[in-house]
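In: please work out how this folds:
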Amino acid sequence: MQALALLDLDRTLIDSDAAFHVWAREFVAAHGLHDAALPVLVDIFARHSGLKDSFFATVCRNFGLSDSPAQLWEQYRRRMPELVSCRTEDLDALRRLRRAGWRIGIVTNGMTDNQLGKIRNSGLDRLVDGWCISGDVGVRKPDPEIFRLAIERCGCRTSGGGWMIGDDLAADVAGGQAAGLRTVWLQGGRGADSWPSAGPVPDVSADSVAAAVEVLLGPKQSEPGARGPDPADRPHP
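Out: Down below sits the predicted model:
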């Protein structure tokens with residue numbers, strides 16, 4: 001298996017939830033909304049999936065705003081890249097992977113200007129070999145094609161395997177597996193024993209990108225291209 005690690009962007013490499021909360025507070029203040037609007041805005045966001053155009057349409061209706069959803073979405077895409085950051089320990093982990101000879105790529109759904117701004121403003125562009133953004137290539141996770149494109153952009157073989165690290169079981173784990181990759185599920189605050197009881201089962205779970213890199217660089221992966229953990233060793237859900 002080739003020494004390749006693909007990673008999700010939002011909620012994996014960057015703390016997009018924290019950035020959203022900062023943006024939400026700014027949004028409430030800028031539009032003169034009552035403080036009670038903040039938890040409502042956060043709840044709308046938490047319930048939303050897919051592209052943000054429908055999110056902003058819901059926001060406009062809910063708060064009676066005269067701005068167009070398209071205008072608000074454009075403002076959001078300009079501001080969010082300025083608010084995101086990566087954990088220092090995760091950046092250090094990526095540097096360790098590179099020193100060990102691994103190729104690193106980013107696979108993310110989203111609009112090109114927004115996601116590319118996050119990649120560049122966070123400094124990730126200097127630590128990875130390539131990236132693939134759904135808005136740029138016209139295909140979204142979990143479609144295996146976006147993973148194959150990312151693999152190629154990292155200068156690797158699409159048939160050579162590798163790893164996908166992400167927080168979403170459908171987009172990252174199921175999508176990565178369909179593309180022939182082994183997977184690390186970032187379980188967040190769900191707890192060490194919170195393996196899914198249904199749906200795709202990752203090869204490994206971890207609390208952070210840094211912890212996932214420890215798995216990749218552990219005893220069985222100490223050399224580039226070495227074999228990863230045996231799926232038979234993983235805990236059963």
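In: gap between Val137 and Trp163?
Out: According to CB to CB, to the nearest Å, Val137 and Trp163 sit 21 Å apart. All C-beta spots, glycine's among them, are computed from the backbone N, C-alpha and C.
In: now Leu94
Out: Remark: distance between Leu94 and Trp163 (CB to CB) = 13 Å.
In: same question for Thr108.
Out: Per CB to CB, Thr108 is found 16 Å from Trp163.
In: looking at the two, which one has more neighbours?
Out: Thr108 (29 against 25; other CB atoms under 10 Å).
In: who touches the spatially closest residue to that one that is not a sequence neighbour in this structure?
Out: Computed as CB to CB, 6 or more residues apart in numbering, the closest residue to Thr108 that is not its neighbour in sequence is Leu9, at 3.8 Å. By CB atoms under 8 Å, 6 or more residues apart in numbering, the contact list for Leu9 reads 16, 106-108, 110, 115, 118-119, 124.
In: which among the residues you listed end up buried?
Out: 16, 106-108, 110, 115, 118-119, 124 (16 or more other CB atoms under 10 Å).
In: dump those residues into TSV; add distance to Arg157, pLDDT and secondary structure as well.
Out: Shown next, in TSV, are those (distance: CB to CB, whole Å; pLDDT from 0 to 100; DSSP: H, G, I helix; E, B strand; the rest coil):
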residue	distance to Arg157	pLDDT	secondary structure
Ser16	31	90	helix
Ile106	19	98	strand
Val107	16	98	strand
Thr108	22	98	strand
Gly110	26	92	coil
Gln115	25	96	helix
Lys118	28	97	helix
Ile119	24	97	helix
Leu124	23	97	helix
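In: and these, which two are the farthest apart?
Out: Largest separation among the buried ones among the contacts of Leu9 by CB to CB: Ser16 and Val107, giving 15.0 Å.
In: reformat the buried ones among the contacts of Leu9 as a markdown table; add distance to Cys86.
Out: Shown next, in a markdown table, are the buried ones among the contacts of Leu9 (distance: CB to CB, whole Å):
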| residue | distance to Cys86 |
| --- | --- |
| Ser16 | 11 |
| Ile106 | 11 |
| Val107 | 16 |
| Thr108 | 14 |
| Gly110 | 16 |
| Gln115 | 14 |
| Lys118 | 10 |
| Ile119 | 10 |
| Leu124 | 7 |
